[in-house]
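Trainee: My questions concern the predicted model and sequence given below.
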Amino acid sequence: MVHKIAVIPGDGIGPEVIDAAVQVLKAVSNNLNFTYFEVGYDRFKKKGEAINDEILEKLKKFDAILFGAVASPPGIVKNYRSAILTIRRDLDLYANIRPIKSYIKKNNLDLIIFRENTEGLYSQNEYMRDKEAVAEKIVTEEKTRRLAELAYKKATEMGRKRLTIVHKANVLRLTDGLFLRVCRSVSQQYPEIVTDEKYIDNTCYQLARNPSSFDVIITTNLYGDILGDLAAGIGDGLGFAPSSNLGTRWALFEPVHGSAPDIAGKNIANPFATIISAKFMLEYLRRKKEAEILEEAIKFVIERKIFTPDLGGDFKTVAITQQIIKEIEKIQSKGTGYEAQN
Ligand code: ATP
């Protein structure tokens, strides 16, 4: 079966890491069809829009979306709407799942963050009230419940033991209070998972002090965004932090990092986060064998410490991509039975 993939390279290092992921996907599968879309800040500079409704409608016709990164404009730019926030909201990609496992730093970090992806403080309902700037934080029972149900379901499937609800309900009594109450109520259906609760500030502290004490976290949009970067920093860095954005009908896969303008165009961007996100996409599309081959190839390259400068290596993005492709070809030619693909 052929799957149709929408590819959004975006800005900065986005095109470099996406090129790596697409080449690796082409090596592992003959049955993926790629269509590219120009979306992001570079598009905004040329056409006055980062994304439009026509592109959003087209994206809905694909089996999955592979996304690089988009830059944010410097300062506040009139009429600019963030492409990734627009896609998440329009396609109702309500769960941002960020697994962060440390392969290189040996600190036993092995955490999955479930971040609410469509509301909270990212609702972008901001306005001036006289001289006050106001941002609305929106939390709904419905959107919290579907995230909590997915988090507990996936945690159970993955054999996870502990789930921490991260909030600040002692201060934000109504918004975070509702989030906490709904998560608690879903937790009742999963007695085999130990549920605990932590304030966001304490979570940051405990995560930095004792990374292995966390298993699964469920939290609101902004806290999840920040915790994802913190966990990546405690782990092997942003170059190793992949993510899935899941909804009921569509799905998007992207690295946690941004467009990294400081290293763009230098062929030194770490492609692992995007390539691991591409592996999640294969799993989502139920291309199990291809995902297994890719995982094996990724592991081989990591074990040999074939890294970009962010991890102390001196390999280029393109060289790492070629190493992974070489490994894929080796695994396929071994005749392991992997080559008979769906
Ligand atoms: P944006 O405005 O798009 O969010 P940013 O530079 O503020 O860009 P990130 O892109 O997340 O934020 O980058 C933060 C830091 O991490 C930068 O110093 C960047 O070089 C580094 N970084 C991010 N991704 C990678 C990567 N894939 N490989 C190597 N370094 C990376």
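Mentor: Noted; the coordinates are in hand.

Trainee: of all of the stretch 151-300 of the chain, which residue lies closest to the ligand?
Mentor: With Cβ to the nearest ligand atom, the shortest gap between the stretch 151-300 of the chain and the ligand falls at Gly258, namely 2.4 Å. No exception for glycine: its C-beta is placed from N, CA and C like everyone else's.

Trainee: so what's that residue closest to, chain neighbours aside?
Mentor: The spatial neighbour of Gly258 that comes closest, neighbours along the chain excluded (Cβ to Cβ, 6 or more residues apart in numbering), is Ala69 at 5.1 Å.

Trainee: Beta-bridge partners for the spatially most central residue of the chain, please?
Mentor: With distances taken as Cα atoms, centre = their mean, the residue of the chain nearest its centroid is Ser243 (2.0 Å). Per DSSP bridges, the residues bridged to Ser243 are Glu254.

Trainee: need the contact list for it.
Mentor: Contacts for Ser243 were tallied using Cβ atoms under 8 Å, 6 or more residues apart in numbering; they are 96-98, 228, 253-256, 277, 280.

Trainee: Which ChimeraX command selects the buried ones in the residues you listed?
Mentor: A single ChimeraX command selects the buried members of the contacts of Ser243 (16 or more other Cβ atoms under 10 Å):
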select :96,97,98,228,253,254,255,256,277,280
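
Trainee: so which of the contacts of Ser243 also contact the ligand?
Mentor: Residues of the contacts of Ser243 in contact with the ligand (Cβ under 6 Å from any ligand atom): none.

Trainee: Go through the contacts of Ser243 and flag which are in helices.
Mentor: In helices, judged by DSSP state H, the following of the contacts of Ser243 are found: 228, 277, 280.

Trainee: need the strands for the protein, in chain order.
Mentor: If DSSP state E is used as the criterion, the strands of the chain fall at 3-10, 32-36, 64-69, 95-101, 110-116, 126-129, 132-135, 162-167, 194-199, 216-219, 242-246, 251-255.

Trainee: I'd like those strands as TSV, with mean pLDDT appended.
Mentor: Shown next, in TSV, are the strands of the chain (pLDDT from 0 to 100):
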stretch	mean pLDDT
strand 3-10	98
strand 32-36	98
strand 64-69	98
strand 95-101	95
strand 110-116	97
strand 126-129	92
strand 132-135	95
strand 162-167	98
strand 194-199	98
strand 216-219	98
strand 242-246	97
strand 251-255	98
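
Trainee: could those strands be laid out in JSON lines, adding distance to Asp314?
Mentor: Formatted as JSON lines, these follow (distance: least, Cβ to Cβ, whole Å):
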{"stretch": "strand 3-10", "distance to Asp314": "25"}
{"stretch": "strand 32-36", "distance to Asp314": "30"}
{"stretch": "strand 64-69", "distance to Asp314": "23"}
{"stretch": "strand 95-101", "distance to Asp314": "24"}
{"stretch": "strand 110-116", "distance to Asp314": "28"}
{"stretch": "strand 126-129", "distance to Asp314": "44"}
{"stretch": "strand 132-135", "distance to Asp314": "44"}
{"stretch": "strand 162-167", "distance to Asp314": "38"}
{"stretch": "strand 194-199", "distance to Asp314": "40"}
{"stretch": "strand 216-219", "distance to Asp314": "35"}
{"stretch": "strand 242-246", "distance to Asp314": "23"}
{"stretch": "strand 251-255", "distance to Asp314": "21"}
